[in-house]
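**Student:** task: produce atomic coordinates for the following.
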Amino acid sequence: MFFVIYKQKIIKRKTIQMKNYIQKTGIFTVCLGVLLINSILTAQNLENFHQEIPDDPYIAAPRSSMQKQPAYRVFNSSYFTTQVNVDNNGFDIIGDAGNETSIAVDPTNPNRMVIGWRQFDTVASNFRQAGYGFSIDGGLTWIFPGVLNPGVFRSDPVLDFDADGNFYYNSLQGTFVCDVYKIDDGGVDWNPFVPANGGDKQWMRVDRTNGIGSGNVYSNWNLSFTTCAWDFTRSTDGAASFESCIEVDSAPRWGTIAVDADGTLYICGQSGGNLVVIKSTTAKDPNIPVSFDSVNTVDLEGLLATGGVNPQGLLGQMWIDVDISGGVGHGNVYVLASVDRNSNSDLGDVMFAKSTDGGESFEAPIKINTDSGTDNIQWFGTMAVAPNGRIDVVWLDTRDAPVGTNDSVLYYSFSEDQGETWTENLAISLPFDPHIGYPQQNKMGDYYDMVSDNNGAHLAWSNTINGGQDVYYTYIDPNGVLGLNDLSSELNNSIVYPNPFKNETTIKFSLKNEEYVTVNIYDLLGRKQATLLQGMFSENQSLTWKGTNTNNQQLAKGLYFVEIKTESSKKVIKVIKY
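**Tutor:** Presented below is the predicted three-dimensional model:
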């Protein structure tokens, strides 16, 4: 096989992509240029590039017999990251692996959350199972009970939650049948699964509105890999049962699902050589069949791709989300993906576009990553929109990688003006080599997942910072990124220590003049838990907080906010109770 080339670094990556494709399909093709190779991979055959079926046999690998090491954790002013797939003592399990993470956060109690992933009990086999972990202290610590069905092949986890805080776990079997598990008692144990049709790669979304579709569960998947004739199903009874499969116009692949404030359903993905958004205003009504109103093309100046930095996987899925803020951007539809660019030789940029007319048309795309040149790869671009309309985006980035490597760093940016402007790209992880720790499958999965609330973003992701492919939770605080905690130089000397704390912490600040001051404690939902100080004060102040609420009851472990407010200024400081 011969390649006519003129850019050594770009062609090397394209050649890797082509070799991976040939290994999968057995097709031998002579390509006379980079653009031809690119079109083969991203447009014509991406929908058939990979599928989740059992390859290796199940190998029992009891955690008790595996080596351990300290789990990775880091805290700073902008984020904290902690490992999820740990043993009962909180240690990293050496020799297992996890990827394709998905997260659900209880909107009624954000200290309660669940992450699911593809669990490989040993890197000696690519046999995967439905792994999960849960936290009841805002992500500070995680419990990894094991897998949903020990010894049963399961892949492609997708988690979501409803407005009442019930959790849903959609899991793909090796037969391309999907099952949905549910937690509906406020606990951490899953009910028996319910068959949900499905296929690879499926996505799922729950209607969290107060409308007629509240609690509906929607799922869409790749039409190439399914056990039923079509690629969409719906549940109108809280996942107790699922309707027969129906056809989605244009058969989108490798995309996600969103529901707006009115219950309108949006599905995105790649269809042939286009990225598309499909809209349904009828899906919410349980009394009528689902139909689709429109299919609209989105220009992200490129297409989804695979290979290279993630040899046997995607460089990321297409994301769609909606603004439900009730503000200026209410009803906006946003899409984002890491794409192989059309206009240049860049193999991966994070591109964003928005619609202000309900997904009927989209504005020109914006590149989120701000690195120069076309040699770097931005992959696994992931987006979530907070209830207040803030748009959060993360991605892996090779811009800082030593020559000859694909070492990647997690980056973050956000927008508070409907995607018109974005904050400076911020690195929020150590660099890591994505090519180590493979579980007999040369990829780190195909996606990450993120949920945003008004205070920050909850990210479930995988990396190899600790020497193996592990699952992590990161909480990202936009206020810490912007420095908005320091709204006044009057309170710049405010401190809280120790932080994190276990039994008590001290809050210190000073005032130049006598002012009316309040010091309040808020939880992640913005609910006031305690008032520590109220009245006229001046000069130096020192307070002790013992982690209690107004009734002197101990609060749960988790993330809280100390608000120091005077007549002329305000400062908010994150504090973690463990």
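
**Student:** okay but residue 96 is in contact with residue 62, surely?
**Tutor:** No: with contacts counted by CB atoms under 8 Å, residue 96 stays clear of residue 62, the gap being 10.9 Å. To be clear about C-beta, it is placed using only N, CA and C from the backbone, and glycine gets the same treatment.

**Student:** so for these two, which sits in the more crowded spot?
**Tutor:** Counted by other CB atoms under 10 Å, residue 96 and residue 62 do not tie: residue 96 has more neighbours, with 22 against 7.

**Student:** who are the neighbours in contact with the more buried one?
**Tutor:** By CB atoms under 8 Å, 6 or more residues apart in numbering, residue 96 lies in contact with 61, 63, 66, 85, 119-123, 468.

**Student:** any idea how far residue 150 is from it?
**Tutor:** 14 Å (CB to CB, to the nearest Å).

**Student:** what ranges do the helices span in the stretch 351-500 of the chain?
**Tutor:** Remark: helices assigned in the stretch 351-500 of the chain by DSSP state H, counting those that start in this stretch are 478-482.

**Student:** give me the beta-bridge partners of the closest residue to residue 260 other than its chain neighbours?
**Tutor:** Leaving aside its sequence neighbours, residue 260 sits nearest to residue 322 (CB to CB, 6 or more residues apart in numbering; 4.2 Å). Residue 322 has these beta-bridge partners by DSSP bridges: residue 333.

**Student:** where are the low-confidence patches of the stretch 251-400 of the chain?
**Tutor:** Along the stretch 251-400 of the chain, no part satisfies pLDDT under 70.

**Student:** same deal with the stretch 51-200 of the chain?
**Tutor:** Checking the stretch 51-200 of the chain against pLDDT under 70 turns up 51.

**Student:** ranges for the strands of it?
**Tutor:** Secondary structure of the stretch 51-200 of the chain (DSSP state E, counting those that start in this stretch): strands located at 68-70, 73-75, 79-83, 91-93, 97-105, 113-120, 129-135, 143-147, 154-161, 167-173, 178-183, 194-195.

**Student:** same list (these) but as JSON lines, adding mean neighbour count.
**Tutor:** Formatted as JSON lines, those follow (neighbours: other CB atoms under 10 Å):
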{"stretch": "strand 68-70", "mean neighbour count": "13"}
{"stretch": "strand 73-75", "mean neighbour count": "14"}
{"stretch": "strand 79-83", "mean neighbour count": "22"}
{"stretch": "strand 91-93", "mean neighbour count": "20"}
{"stretch": "strand 97-105", "mean neighbour count": "27"}
{"stretch": "strand 113-120", "mean neighbour count": "28"}
{"stretch": "strand 129-135", "mean neighbour count": "25"}
{"stretch": "strand 143-147", "mean neighbour count": "17"}
{"stretch": "strand 154-161", "mean neighbour count": "25"}
{"stretch": "strand 167-173", "mean neighbour count": "27"}
{"stretch": "strand 178-183", "mean neighbour count": "23"}
{"stretch": "strand 194-195", "mean neighbour count": "16"}
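
**Student:** now residue 464: how far from residue 102?
**Tutor:** Distance from residue 464 to residue 102, by CB to CB: 19 Å.

**Student:** to clarify, my last question referred to residue 430.
**Tutor:** Counting by CB to CB, the gap from residue 430 to residue 102 is 23 Å.

**Student:** would you confirm that residue 335 contacts residue 317?
**Tutor:** No: counting by CB under 8 Å, residue 317 is not a contact partner of residue 335; they are 11.0 Å apart.

**Student:** show me the one of the strands of the stretch 51-200 of the chain that comes nearest residue 361.
**Tutor:** strand 154-161 (27.9 Å; CB to CB).

**Student:** next one: the closest one to chain centre, how far?
**Tutor:** Strand 154-161 sits 12 Å away from the centroid of its parent chain (CA atoms, centre = their mean, to the nearest Å).

**Student:** helices or strands up against it?
**Tutor:** strand 97-105, strand 113-120, strand 129-135, strand 167-173, strand 203-206 (3 or more CB pairs under 8 Å, 6 or more residues apart in numbering; DSSP states H and E).

**Student:** hmm, try it at 6 Å
**Tutor:** Here strand 154-161 touches strand 97-105, strand 113-120, strand 167-173, strand 203-206, going by 3 or more CB pairs under 6 Å, 6 or more residues apart in numbering; DSSP states H and E.

**Student:** give me the residues contacting the third one.
**Tutor:** Identification of contacts with strand 167-173 by CB atoms under 6 Å, 6 or more residues apart in numbering yields 52, 104, 114, 116, 130, 154-161, 178-183, 200, 204, 239.

**Student:** before we move on, what about the first one?
**Tutor:** Under the criterion CB under 6 Å, 6+ apart, residues 85, 113-120, 123, 131, 157-161, 167, 437, 439, 444-445, 448-449, 451, 458, 460-462, 469, 471 lie in contact with strand 97-105.

**Student:** so that strand versus strand 143-147, what angle?
**Tutor:** 120 degrees (axes from the mean of the first three to the mean of the last three CA atoms, to 10 degrees).

**Student:** any idea how this protein splits into domains?
**Tutor:** Domain assignment for the chain by automatic domain parsing gives 8-44, 63-481, 485-577.

**Student:** export those domains as TSV, with columns for distance to residue 57.
**Tutor:** Shown next, in TSV, are the domains of the chain (distance: least, CB to CB, whole Å):
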stretch	distance to residue 57
domain 8-44	21
domain 63-481	6
domain 485-577	40
